[in-house]
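K.L.:
have a look; sequence and predicted model below, questions after that.
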Protein chains: 2
Amino acid sequence: MGRTADYSDQSCSIAATLEVIGDPWTLLVIRDAFKGISRFEQWQERLGVARNVLASRLKTLVAHGVLEARQYSARPPRNEYVLTQKGKDLADVLVTMHAWGSKHLYGDMEAGVVFKHIPCGQQLKPRVACDCCGEIVKRSDIEMIVLQDRPTVGEILSRDEAA
Amino acid sequence: MGRTADYSDQSCSIAATLEVIGDPWTLLVIRDAFKGISRFEQWQERLGVARNVLASRLKTLVAHGVLEARQYSARPPRNEYVLTQKGKDLADVLVTMHAWGSKHLYGDMEAGVVFKHIPCGQQLKPRVACDCCGEIVKRSDIEMIVLQDRPTVGEILSRDEAA
DNA sequence: TCGGGCGCGTTCGTTTTCGCAACCCACTTG
DNA sequence: CAAGTGGGTTGCGAAAACGAACGCGCCCGA
């Protein structure tokens, strides 16, 4: 393609998030990171993704601070990649996406990967709750508000490219 | 390739979900659908996406039952596209992605789009709760389990292409 | 009645990026 | 010292995305 597709003239944290994790394969890389995968070769084998693409994805995830490259061998230089706090916070996104696919695509059948909620021992069916009042959020309780003159995705993301 | 990238040999509802909403622009189309956008021209203008790409995205979203095409003029045939139940259920995904971007990219600054939780009147900070026991889910409470011999993404999605 | 404009796409030629396979480099092991 | 391994980089088509132009049916004003 080209996927020159950048959303950088918008001002929306959904669009910004997509700039970071919206590339093909990226979210699956992160999913496997949650499973404990941390080395190039493991991702490559499990996903079957092209090596150059994988290298590029890991690089941008590190640049955005989702993964941290940790050198475990000095010479030859060998990295492993582990989730940062920022990366671990993507769990919510994975969980809700999993729930949607599970319900609407797999028809509540169990797919090859499931989440378990350890405290209650059941398979996790996530519901979104409001942190402020603690209530479960129904869809009709949500209003989307559009504000004017907020910083664009481009402005936001150019900062951590400076690093 | 051009993104022949298909995850169809995997068995994972996250991968399956990505097959449906993982294309560039698709999630932003859905975001705008939540804002009330329902016509081709409106999406095109707001997103600046190429018209053929937009047409293709709308078509596959309809094919997957996320949007419903509703003809509002017989001649010339004119469609509008509205979210189905399946589509509306993606709200959770949008909300969690929004929260992540808001926290980690915008640094809790307000971006151009925010969600409001109507019952309590506050800006929505979503937390994931377990439907079974009602508790807020902490990251350490989640275990990812890999099962064997489950239907692949390809098998699952080929069904509603038959429609 | 003629022209222009709108709404909704489709077509066409051009870029980008992906997938694949091959290659490379620095060790390690036999 | 040859073969192997982990972690990438390089080069070549092919498939998608891009953008601009075109089509088409209708409506409106002159």
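P.N.:
Yes, it's here. The structure displayed is predicted, hence computed values, not measured ones. Numbering: from 1, shown residues only, chains lettered A, B, ... in the order given.
K.L.:
show me the domain layout of chain A.
P.N.:
Domain ranges of chain A: A:1-88, A:90-143, per automatic domain parsing.
K.L.:
need the residue in chain A that's farthest from the chain's center.
P.N.:
The outermost residue of chain A relative to its centre, with distances by CA atoms, centre = their mean, is A:R75 at 31.2 Å.
K.L.:
distance of that residue from B:R46?
P.N.:
The spacing between A:R75 and B:R46, counted by CB to CB, to the nearest Å, is 52 Å. For glycine as for every other residue, the C-beta is placed from the backbone atoms N, C-alpha and C.
K.L.:
where exactly do the strands run in chain A?
P.N.:
Taking DSSP state E as the criterion, chain A carries its strands at A:67-73, A:78-83, A:113-117, A:126-130, A:142-146.
K.L.:
how about the ones you listed in JSON lines, adding distance to DNA strand C and mean pLDDT?
P.N.:
Formatted as JSON lines, the strands of chain A follow (distance: least, CB to the nearest atom of the strand, whole Å; pLDDT from 0 to 100):
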{"stretch": "strand A:67-73", "distance to DNA strand C": "8", "mean pLDDT": "93"}
{"stretch": "strand A:78-83", "distance to DNA strand C": "9", "mean pLDDT": "94"}
{"stretch": "strand A:113-117", "distance to DNA strand C": "20", "mean pLDDT": "93"}
{"stretch": "strand A:126-130", "distance to DNA strand C": "29", "mean pLDDT": "96"}
{"stretch": "strand A:142-146", "distance to DNA strand C": "20", "mean pLDDT": "91"}
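K.L.:
may I see the buried residues of the least confident helix or strand in chain A by mean pLDDT?
P.N.:
The weakest-scoring helix or strand in chain A, judged by mean pLDDT, DSSP states H and E, is helix A:153-161 (a mean of 79). Neighbour counts over helix A:153-161 (16 or more other CB atoms under 10 Å in any protein chain shown) mark A:153, A:156-157 as buried.
K.L.:
what residues does it touch?
P.N.:
With CB atoms under 8 Å, 6 or more residues apart in numbering or on different chains as the test, helix A:153-161 has contacts from A:6-12, A:15-16, A:19-20, A:63-65, B:105-106, B:111.
K.L.:
filter those residues down to the buried ones.
P.N.:
Burial by neighbour count, judged by 16+ other CB under 10 Å, picks out A:7-8, A:10-12, A:15-16, A:19-20, A:64-65, B:105-106, B:111 from the contacts of helix A:153-161.
K.L.:
name the nearest of the residues you listed relative to DNA strand D.
P.N.:
Checking these against DNA strand D by CB to the nearest atom of the strand gives A:Y7 as the nearest, at 9.3 Å.
K.L.:
related to what we said a few turns ago, most packed of the strands of chain A?
P.N.:
Highest mean neighbour count among the strands of chain A (mean count of other CB atoms under 10 Å in any protein chain shown): strand A:126-130, with a mean of 23.
K.L.:
what's the angle from it to strand A:142-146?
P.N.:
Strand A:126-130 and strand A:142-146 are oriented at 60 degrees to each other (axes from the mean of the first three to the mean of the last three CA atoms, to 10 degrees).
K.L.:
strand A:126-130 vs strand A:113-117, what angle?
P.N.:
Here strand A:126-130 points in a direction 50 degrees away from that of strand A:113-117 (the same axes, to 10 degrees).
K.L.:
send over strand A:126-130 as PDB, restricted to the C-alpha atoms.
P.N.:
C-alpha atoms of strand A:126-130 as PDB (Å, rounded to 0.1, in the frame of the first residue of the first chain):
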ATOM      1  CA  PRO A 126     -14.800  -7.300  30.900                       C
ATOM      2  CA  ARG A 127     -17.300  -4.500  31.600                       C
ATOM      3  CA  VAL A 128     -16.300  -0.900  31.500                       C
ATOM      4  CA  ALA A 129     -16.900   1.000  34.700                       C
ATOM      5  CA  CYS A 130     -16.600   4.700  35.500                       C
END
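K.L.:
roughly how far is that strand from the heart of the chain?
P.N.:
Its chain's C-alpha centre and that of strand A:126-130 lie 18 Å apart, by CA atoms, centre = their mean, to the nearest Å.
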